[in-house]
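Asker: Fold the following, please.
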Amino acid sequence: MDSIKVSKIKSILLWTLAVILGLFYLLVSLLPFVFMIMNSFKEQFEMLVKGIFELPDHLYLGNYEAVLQGNFFRYFGNSLFVLVVSLALLLFITACASYPLARFKLKICSPLYALIVACMSIPIHITLIPVFKMMMKMNLYDSIWALIGPYVAFGIPISVFILTSFMQSISREIEDAAQIDGCGRIRMFFRIILPLSKPGLSTLAIYNGVHMWNEFSFAYTLTQSVGNRTLPLAVWDFKGQYSMNTPMILAVLTLTALPMIIMFIFAQDALVKGMTAGAVKG
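Answerer: Numbering: from 1, shown residues only. Predicted coordinates:
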């Protein structure tokens, strides 16, 4: 009986600790977002006069009106176009690369897979100058097309790593049955492997989509004109050389984060399924 009581006490203590840590993490994660939304409804100098953690005197909507009347929708359209094209290319290339790495028993597969995974350790910032020079030579500088290549290239290593492991968990008996029925490799890939890989592809789409939507370094380096900027660069419209409208910048950031938050709310089930589906073999 004593051992049972001790185990129950340990279980209660562990669950209590887990709940406390979970609430602490929720608080740390939620506070910046609450701070951003709360201060986006303040007037320009209200933050300096009253403090950043005090509630606004009234819900000032002028910040959002100014943002929406500016170039926000142009930036939104550019970000959406880059996101859709980059994700489509990334998922197709990743699927085509992961299938042979997961199924073909060739000597080159293991070192090639190791080389692709090793590319995850390359910092993005050390490639800014080479990529900038390459885009200048290709006459793609200051265009939204210049962002698609780097986004796809830097998304491939982690995507191949995840999707290869996922495809390895797909039962080989399904492919054997399809081969007996006369199904070739290409047809098998498009008719069987891709449909079964939808949870993994959904996970990759959400993971890479959030990164591409919020990416700043390449967008700042490879674009210059207002017509080719993406949403992360929208804050520059409200930042001058000697001053900046902080509440309006927070309004821009709120509107920028809103699409990804909505997408995650509706796609969180697919994200969880994709992360756990490859954990069980067979």
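Asker: For residue 66, see how far away residue 183 is.
Answerer: Applying CB to CB, to the nearest Å, the value for residue 183 to residue 66 is 58 Å. Bear in mind the C-beta positions are built from the backbone N, C-alpha and C, glycine included.
Asker: now residue 233, nearest residue through space, not along the chain?
Answerer: residue 219 (5.6 Å; CB to CB, 6 or more residues apart in numbering).
Asker: How about residue 52?
Answerer: Closest to residue 52 by CB to CB, 6+ apart is residue 39, at 6.1 Å.
Asker: just checking, the one you found touches residue 247?
Answerer: Yes - counting by CB atoms under 8 Å, residue 39 does reach residue 247; the two are 5.7 Å apart.
Asker: Mind listing the shared neighbours of these two?
Answerer: Here residue 39 and residue 247 share the contacting residues residue 47, scored by CB atoms under 8 Å, 6 or more residues apart in numbering.
Asker: how many neighbours does residue 115 have?
Answerer: 10 (other CB atoms under 10 Å).
Asker: now do residue 144
Answerer: Other residues close to residue 144 by other CB under 10 Å number 20.
Asker: What residues does it make contact with?
Answerer: Per CB under 8 Å, 6+ apart, neighbours of residue 144: 78, 81, 82, 223, 228, 230.
Asker: Repeat that for residue 189.
Answerer: 95, 96, 99.
Asker: Domain boundaries for this protein, per the record?
Answerer: Following automatic domain parsing, the chain resolves into domains at 2-40, 62-277.
Asker: Of these, which stretch is the most buried?
Answerer: Neighbour counts (mean count of other CB atoms under 10 Å) averaged over each of those peak at domain 62-277, with a mean of 16.
Asker: Would you agree residue 168 is in contact with residue 102?
Answerer: Yes - counting by CB under 8 Å, residue 168 touches residue 102, with 4.7 Å between them.
Asker: what about the residue nearest in space to the middle of the chain, helix or strand, and which?
Answerer: In the chain, the centroid-proximal residue (CA atoms, centre = their mean) is residue 210; its distance is 2.4 Å. Residue 210 is part of helix 198-214, with elements assigned from DSSP states H and E.
Asker: Alpha carbons of that helix, in PDB - could you do that?
Answerer: What follows is helix 198-214, C-alpha atoms only, in PDB (Å, rounded to 0.1, in the frame of the first residue of the first chain):
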ATOM      1  CA  LYS A 198      -0.700  13.600 -47.700                       C
ATOM      2  CA  PRO A 199      -0.200  13.900 -43.800                       C
ATOM      3  CA  GLY A 200       3.500  14.300 -44.200                       C
ATOM      4  CA  LEU A 201       3.100  16.800 -47.100                       C
ATOM      5  CA  SER A 202       0.600  18.800 -45.000                       C
ATOM      6  CA  THR A 203       3.100  19.000 -42.200                       C
ATOM      7  CA  LEU A 204       5.800  20.200 -44.500                       C
ATOM      8  CA  ALA A 205       3.400  22.800 -46.100                       C
ATOM      9  CA  ILE A 206       2.500  24.300 -42.700                       C
ATOM     10  CA  TYR A 207       6.100  24.200 -41.400                       C
ATOM     11  CA  ASN A 208       7.700  25.800 -44.500                       C
ATOM     12  CA  GLY A 209       4.700  28.000 -45.100                       C
ATOM     13  CA  VAL A 210       5.100  29.800 -41.800                       C
ATOM     14  CA  HIS A 211       8.800  30.300 -42.500                       C
ATOM     15  CA  MET A 212       8.300  31.600 -46.000                       C
ATOM     16  CA  TRP A 213       5.500  34.000 -44.900                       C
ATOM     17  CA  ASN A 214       7.700  35.500 -42.100                       C
END
